[in-house]
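Asks: Okay, sequence plus prediction incoming.
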Amino acid sequence: MWLILVALVVVLVVGLEWNRRRQPNPRDQRAGRTGVQDRDLERVRDELRAASGDAQRDAAD
């Protein structure tokens, strides 16, 4: 019984290793599209600019 289990594990490992070697290298690890406008980054940048402008105006008054 345990011999069958070991044989199945070996077949699984060999199959996974064979599949991994078939992948083209080097491969870009990012999923999805690239070059897309990051609206979260723009929003945070605008908020930081606004906050720094508010702090400078408050210090000048």
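Replies: Arrived safely, thanks for sending. In this text the structure is predicted, and so the values were computed from the model without any measurement. Numbering: from 1, shown residues only.
Asks: Helices along this structure, start to end?
Replies: With helices called from DSSP state H, the chain shows them at 2-21, 39-60.
Asks: Tabulate the ones you listed (TSV), appending mean neighbour count.
Replies: C-beta coordinates here come from the backbone N, C-alpha and C atoms, glycine included. Shown next, in TSV, are the helices of the chain (neighbours: other C-beta atoms under 10 Å):
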stretch	mean neighbour count
helix 2-21	9
helix 39-60	9
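Asks: Out of these, name the one with the poorest average pLDDT.
Replies: Least confidently modelled of the helices of the chain is helix 39-60, at a mean of 79 by mean pLDDT.
Asks: where's residue 42 relative to residue 48, distance?
Replies: Separation of residue 42 from residue 48 (C-beta to C-beta, to the nearest Å): 11 Å.
Asks: dump the residue contacts of residue 12.
Replies: Applying C-beta atoms under 8 Å, 6 or more residues apart in numbering, we find residue 12 in contact with no residue.
Asks: Look up how far residue 4 lies from it.
Replies: Taken as C-beta to C-beta, the span from residue 12 to residue 4 is 13 Å.
Asks: Next: residue 13.
Replies: In terms of C-beta to C-beta, residue 13 sits 15 Å off from residue 4.
Asks: Next: residue 50.
Replies: Where residue 4 is concerned, residue 50 sits at a distance of 67 Å (C-beta to C-beta).
Asks: likewise residue 18?
Replies: 21 Å.
Asks: What of residue 15?
Replies: Distance from residue 15 to residue 4, counting by C-beta to C-beta: 16 Å.
Asks: do the same with residue 37
Replies: The spacing between residue 37 and residue 4, counted by C-beta to C-beta, is 55 Å.
Asks: same deal with residue 21?
Replies: Counting by C-beta to C-beta - residue 21 and residue 4 are separated by 26 Å.
Asks: ditto for residue 23
Replies: Taking C-beta to C-beta, one finds residue 23 at 30 Å from residue 4.
Asks: Over to residue 48?
Replies: Look at residue 48 and residue 4: by C-beta to C-beta, they are 62 Å apart.
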